[in-house]
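J.: What would the 3D arrangement of this be:
(one chain, ligands or ions: 1)
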Amino acid sequence: MAETSLRSEQLDGILTLTMARPEALNALDRALKTDLLGAFRGAARDAAVRAVVLTGDGRAFCAGQDLREAGVSGAAIGREIRERYVPLVLAIARLEKPVVAAVNGVAAGAGLALALACDVRLASSAASFACAFGRVGLVPDSGVSWFLPRLVGPAWAAELVLGGDSLEAEAAARIGLVQRVVPPDELLPEAHALAFRFAQGAPLAAGLAKRALAAAQESSLEAALEYEAQLQSVAGRSADHAEGRAAFLEKRPPRFRGA
Ligand code: T3D
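T.: Alright, predicted model coming up:
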């Protein structure tokens, strides 16, 4: 069996995925991309997974495409992006469960894209963020040109993409790229605590809420209001909604089952 460089641990409904090629700053080779895609698709199917934490081993979150990998250059780059990066970014962004990026170190190029595709980003004070594509004569891919302006606004996105400079964690928090910065040894506990808090919500409602947030990025207020009404009529018919109301009236914590 091929050796995997993705560690996967599941505890209390939280799936923690750790990219583990520390000697190459967790750069994405084919095996790691394939394993990540499999893990996110598996998380979608597994009802026991209520939230996912994505992080990196060693001093990097992920340094992007493995620049040493043979066969990923020239015209093959477009194919690689369509066949491996696009499905992976969509598997993360469209997962109907909360995904927390615990950015422990440098996130560059496609590594930045993975962090951006997550719902929220917590950063260690040792983390940094770099578009990096321009440094190797490439343009932003894997959703960076889509996520970045929506998160930090068009001017900061332009500066990061065109300048290619690294942004330290505190600066990243100031422009809204990450939610907050914590000391390195508090990163995983904090990410797990946040994921656990998300995981206490009603799973069906969380998935529908993610759909609403995604759709609202591209719709008018009128369309968003209508879509919310449609999703609410689905959530409103769920057993979890009935349980949530009963728990409120009975002054006890709800026991959501995802139906
Ligand atoms: O190509 C396609 O398929 C299209 C998709 C493209 C998407 C992309 O991701 S393009 C952008 C690719 N990423 C980069 O350009 C970043 C390259 N790395 C760096 O610029 C630097 O390593 C960092 C700024 C991230 C960190 O610098 P530093 O000084 O802290 O570490 P280092 O010494 O450069 O790296 C440590 C080791 O990791 C080193 O290996 P060695 O010499 O000790 O054996 C280095 O080669 C390796 N490493 C770092 N990044 C990559 C990598 N190996 C392969 N691929 C990498 N991306």
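J.: For the rest of this, base every contact and every neighbour count on C-alpha atoms.
T.: Noted.
J.: residue boundaries of the helices in the stretch 101-250 of the chain?
T.: Listed in chain order, the helices of the stretch 101-250 of the chain (DSSP state H, counting those that start in this stretch) span 110-117, 144-152, 154-163, 169-174, 187-199, 203-216, 221-236, 239-249.
J.: The second one - contacts with which helices or strands?
T.: Judged by 3 or more CA pairs under 8 Å, 6 or more residues apart in numbering; DSSP states H and E, the packing partners of helix 144-152 are helix 110-117, helix 154-163.
J.: and the first one, average pLDDT?
T.: Think helix 110-117. Here helix 110-117 scores 98 as its mean pLDDT.
J.: what's the angle between that helix and helix 144-152?
T.: Here helix 110-117 runs at an angle of 50 degrees relative to helix 144-152 (axes from the mean of the first three to the mean of the last three CA atoms, to 10 degrees).
J.: Likewise for the last one?
T.: If you take the same axes, to 10 degrees, helix 154-163 sits at 140 degrees to helix 144-152.
J.: and for helix 154-163, what are the contacting residues?
T.: Contact with helix 154-163 is made by 130-134, 140, 145, 148-149, 166, 175, as judged by CA atoms under 8 Å, 6 or more residues apart in numbering.
J.: Which of the residues in it are classified as buried?
T.: 157, 160-162 (16 or more other CA atoms under 10 Å).
J.: hmm, that helix touching the ligand?
T.: No. Helix 154-163 does not reach the ligand (CA under 6 Å from any ligand atom); its nearest approach is 11.6 Å.
J.: Dump that helix to CSV, restricted to CA.
T.: Provided in CSV are the C-alpha atoms of helix 154-163 (Å, rounded to 0.1, in the frame of the first residue of the first chain):
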residue,chain,number,x,y,z
PRO,A,154,-10.2,43.8,-3.7
ALA,A,155,-7.3,46.2,-2.8
TRP,A,156,-5.7,43.9,-0.3
ALA,A,157,-6.2,40.9,-2.7
ALA,A,158,-4.4,42.9,-5.4
GLU,A,159,-1.6,43.7,-3.1
LEU,A,160,-1.1,40.1,-2.0
VAL,A,161,-1.5,38.7,-5.5
LEU,A,162,0.7,41.2,-7.3
GLY,A,163,3.2,41.9,-4.6
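J.: Going forward, the N-terminal residue is numbered 178.
T.: Yep, numbering from 178; the last one is helix 331-340 now.
J.: who touches residue 350 in this structure?
T.: Contact analysis of residue 350 by CA under 8 Å, 6+ apart lists 356-358.
J.: what's the pLDDT at residue 313?
T.: 89.
J.: Ok, residue 271 next?
T.: 97.
J.: related to what we said a few turns ago, ranking by neighbours, what's the top pick from the contacts of residue 350?
T.: residue 358 (21 neighbours; other CA atoms under 10 Å).
J.: Tell me what that one is bridged to.
T.: residue 300 (DSSP bridges).
J.: That one contacts residue 299, correct?
T.: Yes. Under the criterion of CA atoms under 8 Å, residue 358 makes contact with residue 299 at 6.2 Å.
J.: Can you name the next helix or strand after the lowest-mean-pLDDT helix or strand in the chain?
T.: Among the helices and strands of the chain, helix 253-257 carries the lowest confidence by mean pLDDT, DSSP states H and E, at a mean of 91. Later in the chain than helix 253-257, the nearest helix or strand by DSSP states H and E is helix 263-270.
J.: Determine if any part of that next one is in contact with the ligand.
T.: No. Shown here: helix 263-270 not in contact with the ligand (CA under 6 Å from any ligand atom), separated by at least 10.5 Å.
J.: could you check the angle helix 380-393 makes with that helix?
T.: Using the same axes, to 10 degrees, helix 263-270 lies at 120 degrees relative to helix 380-393.
J.: Now do helix 263-270: which elements does it pack against?
T.: Counting by 3+ CA pairs under 8 Å, 6+ apart, helix 263-270 packs on helix 207-222, helix 287-294.
J.: Let me have the ones you listed in TSV, adding distance to residue 200 and mean neighbour count as columns.
T.: Output for the helices and strands packed on helix 263-270, formatted as TSV (distance: least, CA to CA, whole Å; neighbours: other CA atoms under 10 Å):
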stretch	distance to residue 200	mean neighbour count
helix 207-222	14	18
helix 287-294	15	26
